[in-house]
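> Okay, here's the prediction I keep looking at, along with the sequence it came from:
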Amino acid sequence: MALEDAFNDLRSNLYKPLIFFIPKSLIPESKKEWLESPEFAQLFNKVALIEKSGEINELKSCPGLFQIMEKPSILNGNIFLLSDQKAALNSFQFNLLMEKYLEQLRFYNTIAKWMALHIAEHCEIDDNIKSYFELQDDFFLNHSQEIEAKFKIDTTTLTKPMDVLEHVEKDLSPFEKLIENNKSQNGITKLGRQMGQTKTRKTKPVLVTNQEAEDFLLKSVFNVLD
């Protein structure tokens, strides 16, 4: 397996599946006028799920949350993949792979913990949904501890929470482009598509009805698109 392919597989397992929300408070006052668009009203302060397939949908029912219970097994797969790569790669290559993976892992550790602590402040949820955010946080923490134990690598240098929360503010140009497109487009594109593949789905409400909004989420918020 090529080094880049191994990294992409490792990264994919971090964010698929993932439950998340984006606080509206992330947007600075100078950009608040953008949020008058109905599409953006649906984007913030909503619990959403990145499914194993890569689709992103607003989470309206608890059955979708069951995918999160598979997270420990998926993250264990990353342990096995890293072990295989350690045996197959030279020291420089493996250290590079581990360095890039830890950057991703620290990011998800931070946002998982922040979301578990603050979701009730931003979203209308019941205790059941909150418990899944707490479980997700635990799963990432346990995975980090296992990485430390098996590879003797410190994973505790986490990204500062404000650095994560300011991710959106650093690159808001996709919002402006999206608004301009919404003014001129007659058709809409479903947010919840598979990566690299369009798929129609009627059983779940769509979080945002524009493809560029999805790309913005994945690239600017979760840093998972090149």
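Structure's in. What do you need?

> who's in contact with the nearest residue to Asp9 once chain neighbours are set aside?
Residue nearest to Asp9 in three dimensions, not counting chain neighbours: Leu81, with 6.3 Å by C-beta to C-beta, 6 or more residues apart in numbering. For every residue, glycine as well, the C-beta is placed using N, CA and C. Neighbour list for Leu81: Ala6, Asp9, Leu10 [criterion: C-beta atoms under 8 Å, 6 or more residues apart in numbering].

> Got the confidence number for Leu81?
With respect to pLDDT, Leu81 scores 97.

> Following element in sequence after the helix or strand hosting it, please.
Per DSSP states H and E: Leu81 is located in helix 71-88. Using DSSP H and E, the helix or strand that directly follows helix 71-88 along the chain is helix 91-122.

> so where's the chain shaky on pLDDT?
27-42, 61-64, 156-226 (pLDDT under 70).

> where along it do the helices fall?
For the chain, helices defined by DSSP state H occupy the ranges 3-15, 38-41, 71-88, 91-122, 127-151, 161-165, 167-170, 173-184, 211-216.

> Who are the contact partners of Phe92?
By C-beta under 8 Å, 6+ apart, no residues touch Phe92.

> ok, it to Glu121 distance?
Applying C-beta to C-beta, to the nearest Å, the value for Phe92 to Glu121 is 44 Å.

> same thing with Met1?
Applying C-beta to C-beta to Met1 and Glu121 gives a distance of 42 Å.

> More neighbours: which of those two?
Neighbours were counted for Met1 and for Glu121 using other C-beta atoms under 10 Å; Met1 has more, 13 against 9.

> was I right about that one contacting Leu89?
No - Met1 is beyond contact range of Leu89, at 9.7 Å (criterion: C-beta atoms under 8 Å).

> and the helices of the chain as CSV, adding distance to Ile56?
Converted to CSV, those look like this (distance: least, C-beta to C-beta, whole Å):
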stretch, distance to Ile56
helix 3-15, 10
helix 38-41, 14
helix 71-88, 17
helix 91-122, 15
helix 127-151, 16
helix 161-165, 18
helix 167-170, 16
helix 173-184, 15
helix 211-216, 6
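
> and these, which is most packed in?
helix 211-216 (a mean of 19; mean count of other C-beta atoms under 10 Å).

> and the helix holding Leu81 with helix 127-151, angle?
Interaxial angle of helix 71-88 relative to helix 127-151 (axes from the mean of the first three to the mean of the last three C-alpha atoms, to 10 degrees): 20 degrees.

> How about exporting helix 71-88 as CSV, limited to the C-alpha atoms?
Listed next in CSV are the C-alpha coordinates belonging to helix 71-88 (Å, rounded to 0.1, in the frame of the first residue of the first chain):
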residue,chain,number,x,y,z
LYS,A,71,-16.1,3.4,16.2
PRO,A,72,-13.9,1.4,18.6
SER,A,73,-13.7,-1.4,16.0
ILE,A,74,-12.9,1.0,13.2
LEU,A,75,-10.2,2.8,15.2
ASN,A,76,-8.8,-0.6,16.1
GLY,A,77,-8.4,-1.2,12.4
ASN,A,78,-6.2,1.9,12.4
ILE,A,79,-4.0,0.2,15.0
PHE,A,80,-3.6,-2.8,12.8
LEU,A,81,-2.9,-0.7,9.7
LEU,A,82,-0.3,1.3,11.5
SER,A,83,1.4,-1.9,12.8
ASP,A,84,1.5,-3.3,9.2
GLN,A,85,2.9,0.0,7.9
LYS,A,86,5.6,0.0,10.6
ALA,A,87,6.7,-3.4,9.4
ALA,A,88,6.6,-2.5,5.7
